[in-house]
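Chemist: Based on what follows, work out the 3D shape:
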Amino acid sequence: MSTPHPARGLAGAVQRVTASALGPYQSAVIRIGFSATFLLFLLRELPHRHEMYGPDAPWRWDLARQLISGNQAFTALMWSDSALWFEIVYALALLSSLLLMLGWHTRAVSVVFMAGVLSLQNRSIFMGDGGDNVIHLMAIYLVLTRCGQVWSLDARRARRRESARDAGQEAGGRWEPGEPAGIALWVVLGVVLAGASGAGGLGGTVWLPLLLWCLWVGQGAWWAVNRYTPRNELRTLLDVVANLAHNATLVVIMAEVCLIYATAGWYKIQGSRWQDGTALYYPLKLEYFTPWPALSDFLASSGVMVMVLSYATVIVQVAFPFTLFNRRVKNFLLGAMLCEHAGIALLLGLPFFSMAMIAADAVFLPTAFLVWLGGRAGAGRERLFRRRGRVPAPRGAADGREAPEPDGDGSHTLVG
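Modeler: I've put the predicted structure just below:
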């Protein structure tokens, strides 16, 4: 058997990276996971929002303004110190989290979600922990991904549009149902962006205004090309650029997760408590980290269990980045890390940190497992709706498969 020519293999890899947005299921899980985490966090802190980020916060508005003038961070909460403006920003953060989780016009909503995350976290930076830092970074990365290809309202709208075309019910250039909302979002975001840029409200960095304007102009160009010249070479070029940005961002997310675990593991190795296997004992005895005192005391009473869990934590975190090219070992360690974060949420009372890390770990989940999981969820939804006398689920859900998506991100709307 002849060996493939190296150039042909390289050309095939380039074509694969530019012709499609890889990891559609993984990026969808990341989108759903981080938006759901932030949404649940905002809902839990709803009664305490004024003390955390609002006018009653110990870190007062004038102190935050002095800090931001130095670190040049972005937060819309510095545009005004009124309580009404704070409520508007908090409500928009809640709404954008919900809409991003559902996958409604993900291109535009992901930008609003990023603005909400940065605005609240940069307002009171001393309120966050490691999970908040992960959400902070992933909110920025999500705006560059095509995370609405599957498991989203955008994907469902694209399937219906594709079905209408196949049935000959939709002619080219016809006004599509998703366009009014998309155009309205694009116009509103453009007005807000222009006002914020003119008033100097985008922070002191260069990358954020540049990113936002490129996204806004790119979405307008994407809509115009899809509507008026859908088969032009410019359409292919825009699709290639979007695919490259998506795939490069996925690589960055994977590298970020590996860096988090590698640094955490190697720092643990340097600690004497991790070296002698007693590190887990101390958080189990802290009242702040013991939502279930009886369970924590039970685990802390077993020296062998504490030692095994302490050493296993270090081994998994240090070894994981080196196992990415061995699928079986990688999947085993990935399952161990998911169990570890579930244990942290249960034993230490850190559910949002664990949810954020599990969502980040999802970038490494096998596609076959995610497709199977989506099929089971679709079958369960169909049975639930059937019991209520509803219409059956869309095509592809009944046989446990995700309905095929159109090329690209399946969007011909302005910001979908």
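Chemist: Name the residues of stretch 198-208 that are buried.
Modeler: Gly201, Leu202, Gly203, Leu208 (16 or more other Cβ atoms under 10 Å). All C-beta spots, glycine's among them, are computed from the backbone N, C-alpha and C.
Chemist: and the last one, how far is that from Leu202?
Modeler: As for Leu208, its distance to Leu202 is 5 Å (criterion: Cβ to Cβ, to the nearest Å).
Chemist: if I look at the two, which residues touch both of them?
Modeler: Residues touching both Leu208 and Leu202 by Cβ atoms under 8 Å, 6 or more residues apart in numbering: Phe74.
Chemist: Now do the helices in the stretch 301-416 of the chain.
Modeler: 303-319, 327-347, 351-361, 367-387 (DSSP state H, counting those that start in this stretch).
Chemist: And those: which comes nearest Gly23?
Modeler: Set against Gly23 and scored by Cβ to Cβ, the helices of the stretch 301-416 of the chain come closest in helix 367-387, at 7.6 Å.
Chemist: other SSEs contacting the closest one?
Modeler: helix 24-44 (3 or more Cβ pairs under 8 Å, 6 or more residues apart in numbering; DSSP states H and E).
Chemist: Mind listing what's buried along the lengthiest helix in the chain?
Modeler: Looking across the chain with DSSP state H, the single longest helix is helix 233-269. Neighbour counts over helix 233-269 (16+ other Cβ under 10 Å) mark 235, 238-239, 242-243, 245-247, 249-250, 253-254, 256-257, 260-262, 265, 268 as buried.
Chemist: How about stretch 35-42?
Modeler: Neighbour-count burial for stretch 35-42, counted by 16+ other Cβ under 10 Å, picks out Ser35, Ala36, Thr37, Phe38, Leu39, Phe41, Leu42.
Chemist: Now pLDDT and distance to Tyr281 too, for these, in a markdown table please.
Modeler: Converted to a markdown table, the buried residues of stretch 35-42 look like this (pLDDT from 0 to 100; distance: Cβ to Cβ, whole Å):
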| residue | pLDDT | distance to Tyr281 |
| --- | --- | --- |
| Ser35 | 98 | 36 |
| Ala36 | 97 | 32 |
| Thr37 | 97 | 29 |
| Phe38 | 97 | 32 |
| Leu39 | 98 | 34 |
| Phe41 | 97 | 29 |
| Leu42 | 97 | 34 |
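Chemist: Helices along the stretch 101-250 of the chain, start to end?
Modeler: Taking DSSP H, counting those that start in this stretch as the test, the helices found in the stretch 101-250 of the chain are 106-123, 130-142, 153-166, 179-199, 207-228, 233-269.
Chemist: Mean pLDDT lowest where, among the ones you listed?
Modeler: Here the lowest mean pLDDT among those goes to helix 153-166, at a mean of 85.
Chemist: If we go by neighbour counts, what in that helix is buried?
Modeler: Leu153, Asp154, Ala155, Arg157, Ala158, Arg159, Arg161, Glu162.
Chemist: from those, which single one is nearest Leu338?
Modeler: Once Cβ to Cβ is applied, the member of those that ends up nearest Leu338 is Ala155, at 25.4 Å.
Chemist: Which of the buried residues of helix 153-166 sits closest to Leu373?
Modeler: Scanning these for proximity to Leu373, where the rule is Cβ to Cβ, the winner is Ala155, at 15.9 Å.
Chemist: Wait, the closest one touches Trp104, no?
Modeler: No: contact criterion Cβ atoms under 8 Å: Ala155 and Trp104 do not qualify, at 10.8 Å.
Chemist: what's the model's confidence in stretch 362-375, averaged?
Modeler: On average, stretch 362-375 scores 93.
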